[in-house]
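Chemist: Sequence and predicted structure are below.
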Amino acid sequence: MNLLEQLKSYTKVVADTGDFESIMVFEPIDATTNPSLIYAAAMDPKYHVLIQEAILYAKSKSNDKSIQLKIAMDKLAVNFGLKILEIVPGRVSTEVDARLSFDTEGTIAKARELIALYEANGISRERVLIKMAATWEGILAAEVLEKEDIHGNLTLLFSMAQAVRCAEAGVKLISPFVGRILDWHKKDRGVSDIPAAADPGVLSVTEIYNYYKKFDYPTIVMGASFRNIGEIIEIAGCDALTISPNLLKELEQTEGVLNKKLDAENAKLMDIEPMVMNEKIFRWMMNEDAMATEKLAEGIRKFTEDLLKLEKYLATKI
């Protein structure tokens with residue numbers, strides 16, 4: 001068995017892409033998207049039909065071009081999600097506008113709008129995860145939405161403070177970003193490489209996973225943002241991993257024995273102390289963690305940058 005086949009026996013494998021052909025090739029259970037992936041896919045002529053449909057839908061709802069643009073942006077994200085759900089048997093993650101990352105009420109409203117679009121197309125909310133940045137405000141929004149059975153995927157997660165607060169809020173799933181943590185530490189240390197077993201991103205996911213299992217939190221831990229298959233190998237056994245097509249291909253082409261590194265039963269036996277979490281503690285822990293603070297802010301800026309590019313592109317079509 002290749003490494004991908006073995007990984008699927010330990011972990012739910014999720015495709016991190018907006019490209020339908022890649023999803024069909026690697027047969028993941030779920031798929032995730034984000035503004036950057038949607039923007040990249042939208043530039044491919046083979047997906048222009050999804051853009052045209054979103055624009056026609058928006059024009060049918062309003063004569064105001066600024067409103068049309070907002071509607072078209074949401075509909076395009078959902079259009080990609082709908083096509084993905086024709087391929088994967090599980091869920092798709094669709095992201096809330098990153099500019100709402102510090103707006104609890106705005107995030108709640110946008111999540112409800114996205115779910116309404118899915119449900120209007122016959123898709124149950126059980127098959128959709130709404131991606132929100134794991135800011136204090138984003139986690140508060142997720143806590144409200146979970147009570148409406150609108151399930152969250154809390155993204156841009158880099159710290160235990162974020163992870164603990166998400167667990168306490170009862171969110172469905174978190175996406176700790178392995179590779180972006182590695183990027184920060186390589187730059188900070190002035191090194192070109194850190195071995196996978198000592199990779200700070202790997203260690204972060206391992207700590208979060210063990211904490212969740214020790215205290216029986218049902219929130220799913222889905223490692224994300226990988227830079228190499230070594231990182232993936234080191235957290236085999238994690239609840240889920242969302243992996244880009246190029247790394248899925250590398251795993252598929254690599255033979256060897258893949259050992260399960262993360263195990264819920266082992267975590268229950270570990271000597272781990274429960275953490276107290278409130279807003280003051282959360283904000284102080286984030287302040288003390290330069291990597292988490294910087295990467296969260298950078299991630300929000302990057303997703304916003306790609307949203308603006310996509311908006312500009314759609315505006316020319318409208």
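Modeler: In hand now; what should we look at?

Chemist: Quick check: the spatially closest residue to I208 that is not a sequence neighbour vs F177, distance?
Modeler: Using Cβ to Cβ, 6 or more residues apart in numbering and skipping residues adjacent in sequence, the residue nearest I208 is A163, 4.4 Å away. (C-beta placed from N, C-alpha, C; glycine too.) From A163 over to F177 the distance is 12 Å, taken as Cβ to Cβ, to the nearest Å.

Chemist: Also E126?
Modeler: Shown here: E126 relative to F177, a distance of 25 Å by Cβ to Cβ.

Chemist: The residue nearest to I208: neighbouring residues, count only.
Modeler: Look at A163: counted by other Cβ atoms under 10 Å, it has 27 neighbours.

Chemist: Isn't it up against L173?
Modeler: No - applying Cβ atoms under 8 Å as the test, A163 and L173 come out as separate, 11.6 Å apart.

Chemist: follow-up on the earlier one: check the contact lists of A163 and F177 and give me the overlap.
Modeler: By the contact definition Cβ atoms under 8 Å, 6 or more residues apart in numbering, A163 and F177 are jointly contacted by L157.

Chemist: what packs against the host helix or strand of L37?
Modeler: Taking DSSP states H and E as the criterion, the element that holds L37 is helix 35-42. Here helix 35-42 is seen to pack against helix 65-85, helix 290-317 when contacts are counted using 3 or more Cβ pairs under 8 Å, 6 or more residues apart in numbering; DSSP states H and E.

Chemist: Tell me which of these sits nearest to I220.
Modeler: Each of the helices and strands packed on helix 35-42 was scored for nearness to I220 using Cβ to Cβ, and the closest is helix 65-85 (18.3 Å).

Chemist: So what's the model's average confidence on the closest one?
Modeler: On average, the pLDDT along helix 65-85 is 96.

Chemist: what's the helix or strand just after it in contact with?
Modeler: Taking DSSP H and E as the definition, the helix or strand that follows helix 65-85 towards the C-terminus is strand 92-95. Contacts of strand 92-95 from elsewhere in the structure, counted by Cβ under 8 Å, 6+ apart, are 30-35, 77-78, 80-81, 84-85, 114, 118, 127-132, 153, 155, 303.

Chemist: quick one, which of E126 and F177 is more surrounded?
Modeler: F177 (25 against 11).

Chemist: quick one: the more buried one and E298 touch, right?
Modeler: No - F177 sits out of contact with E298 when judged by Cβ under 8 Å, with a separation of 10.6 Å.

Chemist: Report the contact partners of the residue lying closest to P274 once chain neighbours are set aside.
Modeler: The spatially closest residue to P274, leaving aside those adjacent along the chain, is F215, at 6.1 Å (Cβ to Cβ, 6+ apart). Residues in contact with F215, defined by Cβ under 8 Å, 6+ apart, are 167, 272, 274.

Chemist: Would you convert those into JSON lines that also reports neighbour count and secondary structure?
Modeler: What follows is these, written out as JSON lines (neighbours: other Cβ atoms under 10 Å; DSSP: H, G, I helix; E, B strand; the rest coil):
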{"residue": "A167", "neighbour count": "22", "secondary structure": "helix"}
{"residue": "I272", "neighbour count": "14", "secondary structure": "coil"}
{"residue": "P274", "neighbour count": "9", "secondary structure": "coil"}
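
Chemist: Pick the one among the residues you listed closest to S244.
Modeler: Proximity of the contacts of F215 to S244, judged by Cβ to Cβ, is greatest for A167, which lies at 26.4 Å.

Chemist: Surely the closest one touches Y217?
Modeler: Yes - distance between A167 and Y217: 4.1 Å, which falls inside the contact criterion (Cβ under 8 Å).

Chemist: Give the residues shared as contacts by these two.
Modeler: Residues touching both A167 and Y217 (Cβ under 8 Å, 6+ apart): Y211.

Chemist: the inter-axis angle of the lowest-mean-pLDDT helix or strand in the chain versus helix 65-85?
Modeler: Least confident element among the helices and strands of the chain, by mean pLDDT, DSSP states H and E: helix 35-42 (a mean of 87). Counting by axes from the mean of the first three to the mean of the last three Cα atoms, to 10 degrees, helix 35-42 points 80 degrees away from the direction of helix 65-85.

Chemist: buried ones in helix 35-42?
Modeler: Applying a neighbour-count criterion of 16 or more other Cβ atoms under 10 Å, one finds 35-39, 41-42 buried in helix 35-42.
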